[in-house]
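Colleague: Below: sequence and its predicted model.
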Amino acid sequence: MKKFLFISFAALMAIAGCSKDDVPGEDGTPGNTPDEEDFIASQFVISATSSSTKTTLDGTSILWETGDAITLFAEDGNPVKYNLTGGENTTTGTFTADTDELPAHTSGYAVYPATENSLTDDAVSVEIAATQTYSATGFPTAYPMAAKSADGRNYSFENLATVVNIPLQGEGITVKSIILETLEGEKIAGESVIRFGLRTPSLSASGSAVSSITLDCGTDGVTLGEVNTVFSFIVIPDVYSGFRITVKQASGPDIVRTSSEEIELNEGTVATLPDVQLKGWRISGEALGNTYAEFSGSTRFISLKGQTVSDGIFTVSDTDGNEYSCTSDITVNFANRLQSSSAGSVSLASGTYDLYIDTKHMCLFVMGEGKSPFVVQGEGNEWGSTGPLTETDMTLTEDGLFVAENVQFQNEAAFKITASRNGMSWVDLSSYYEIVATEWADITTGTAVSVKDKSENNEGSGFYHSASTGPFDIWFDPDNMLVWIMNQGQQPRM
């Protein structure tokens, strides 16, 4: 199939549906799928059409190309290969069987690209490539199509997959590859099946299908410019909970962006995702060997874990390139307020740290490796007792939520969420990071409780769970200010 792709990328989501009419017979009337007893006489030469009125992809021209081949199926389901012998660079091609010994009859089913798999129970196994190759003007891999014929001579193909376009921004970044991954493990590529039993052919995942696709951008990669560069993927149509996009650079760290909005991808359509900005928050400078490191995340809290720095200064900059410094010397394991600065330099003793930025309150957390800004703090009925309180670190997830796993209480499960460790306060910053309910809240397992920080509600207090002492997983959503206490291994539903 000619991999010419002429698509307008102006719309956020360009969806162009296929016609679902029956494939017409020789007299132009709708045809019917042949019964097992009613197979069609085999033909050495057939006509195959990729009709713009039936299979257009929002301005995309799908043209037959020299070397294209399709597969028809004999009465026993065995594949018969047909090669393009006329109609190159048009939507209607002439195909000729590559054997002189045709079976007596065919089923009237055809697939592109050609396959060596047999037809069984009106279905044939196919493969949607899990590794695809970037093309600036066409499809990144073979685009699957299928057709039914009522006469065995004329086949009008239906588009079965979805084209997903991802527009990337980030001038000067060279992209080596992109991984498109489903958030909930839905199957997006790999082993698939085309079924002919329905009114029109359909494509779905099967067997060992996979949840990610890697788009290879070649030896030199693709360098982004001042305007969007669009990267296209061929995917299995389905309803997806969202995508994680990992961009691997020619030089520099991986850049990860997540879209958690559910999206329905229909066969024979083009879906253009919202623009993805690759230049996020970063640190750079002599403490990093005059290179840079990128923070991950697109919610309120972003992170850069396991970052090693040497003695020297580094610069903190946002997505627009604005630089920041701290209002005072950095204190490890505490919040450090950021301020706009033309110099933008920050010094830190050499070591390996986990760094976090709260983009709402403009604070930089420089944490010892493995520590996060927030902890669950408490110790059963000894809550508020003198001496250090029990603390469990919370981990920042890719969805922007913090979770403390396997929290076991001694008696009644009383706790609070805070970034003020062991009761120490940070003067003006402490109120931002002590998370409280309006009043002491008895949390029901699996039910969200709305919370505030003490800068908004200085009268609030902590949480408790009277029914059990755990162990629990405790979740905190800083963007929507919600807290959950969950049974182990369970995630809250937003």
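Modeller: Perfect, thanks for sending it. Numbers count the residues shown, from 1 in each chain.
Colleague: Quick check: pLDDT value at the closest residue to residue 169 other than its chain neighbours.
Modeller: Leaving aside its sequence neighbours, residue 169 sits nearest to residue 277 (CB to CB, 6 or more residues apart in numbering; 5.1 Å). The way it works is simple: take the backbone N, C-alpha and C, and place the C-beta from them, glycine included. Residue 277 carries a pLDDT value of 79.
Colleague: Quick check: residue 277 touching residue 166?
Modeller: No. Taking contacts as CB atoms under 8 Å, residue 277 lies outside contact range of residue 166: 11.9 Å.
Colleague: Between the two, which is the more surrounded one?
Modeller: residue 166 (24 against 15; other CB atoms under 10 Å).
Colleague: Assess the claim that the more buried one and residue 274 are in contact.
Modeller: No. Look at residue 166 against residue 274 with CB under 8 Å: they stay out of range, at 9.2 Å.
Colleague: What is the least confident helix or strand in the chain?
Modeller: Counting by mean pLDDT, DSSP states H and E, the chain has its least confident helix or strand at helix 52-55, which shows a mean of 38.
Colleague: tell me what the following helix or strand past that helix is packed against?
Modeller: Remark: after helix 52-55, the chain's next helix or strand is strand 69-74, criterion DSSP states H and E. Strand 69-74 is packed against strand 79-86, strand 105-112, with contacts defined by 3 or more CB pairs under 8 Å, 6 or more residues apart in numbering; DSSP states H and E.
Colleague: Tell me what angle the helix or strand following the first one forms with strand 105-112.
Modeller: Moving toward the C-terminus from strand 79-86, the first helix or strand encountered (DSSP H and E) is strand 92-97. With axes from the mean of the first three to the mean of the last three CA atoms, to 10 degrees applied, the angle from strand 92-97 to strand 105-112 works out at 130 degrees.
Colleague: And the contacts of strand 92-97?
Modeller: 42-50, 64, 68-70, 80-87 (CB atoms under 8 Å, 6 or more residues apart in numbering).
Colleague: same thing but 10 Å
Modeller: 1, 42-51, 63-65, 68-70, 72, 80-88, 110, 112, 114, 154-156 (CB atoms under 10 Å, 6 or more residues apart in numbering).
Colleague: Just say which of the helices and strands packed on strand 69-74 is most tucked in.
Modeller: strand 105-112 (a mean of 23; mean count of other CB atoms under 10 Å).
Colleague: Which elements pack onto it?
Modeller: Judged by 3 or more CB pairs under 10 Å, 6 or more residues apart in numbering; DSSP states H and E, strand 105-112 is in contact with strand 40-41, strand 45-49, strand 69-74, strand 79-86, strand 123-128, strand 145-148, strand 154-156.
Colleague: Kindly recompute the last result at 7 Å.
Modeller: In this structure, strand 105-112 makes packing contacts with strand 40-41, strand 69-74, strand 145-148, judged by 3 or more CB pairs under 7 Å, 6 or more residues apart in numbering; DSSP states H and E.
Colleague: So which bits of the second one are buried?
Modeller: Of the residues in strand 69-74, those buried by neighbour count under the rule 16 or more other CB atoms under 10 Å are 70-74.
Colleague: for stretch 211-222, same thing?
Modeller: 211-215, 217, 221-222.
Colleague: again with stretch 190-209
Modeller: In stretch 190-209, the ones that count as buried by 16+ other CB under 10 Å are 190-196, 200-206, 209.
Colleague: mind listing which of those are in strands?
Modeller: Counting by DSSP state E, those place 190-195, 202-205 in strands.
Colleague: could you dump those residues to TSV with pLDDT and distance to residue 332?
Modeller: TSV is the format used below for these (pLDDT from 0 to 100; distance: CB to CB, whole Å):
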residue	pLDDT	distance to residue 332
190	96	45
191	96	49
192	97	51
193	97	55
194	97	58
195	95	59
202	94	57
203	95	53
204	96	52
205	96	47
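Colleague: coming back round to it: relative to residue 270, which of the helices and strands packed on strand 105-112 is closest?
Modeller: Of all these, it is strand 145-148 that lies closest to residue 270, at 15.1 Å by CB to CB.
Colleague: That closest one pairs with which strands?
Modeller: Strand 145-148 has its sheet partners listed here by DSSP bridges as strand 105-112 (antiparallel), strand 158-159 (antiparallel).
Colleague: who does the nearest residue to residue 44 once chain neighbours are set aside bridge with?
Modeller: Closest residue to residue 44 apart from its sequence neighbours, by CB to CB, 6+ apart: residue 97 at 5.0 Å. On the basis of DSSP bridges, residue 97 is bridged to residue 82.
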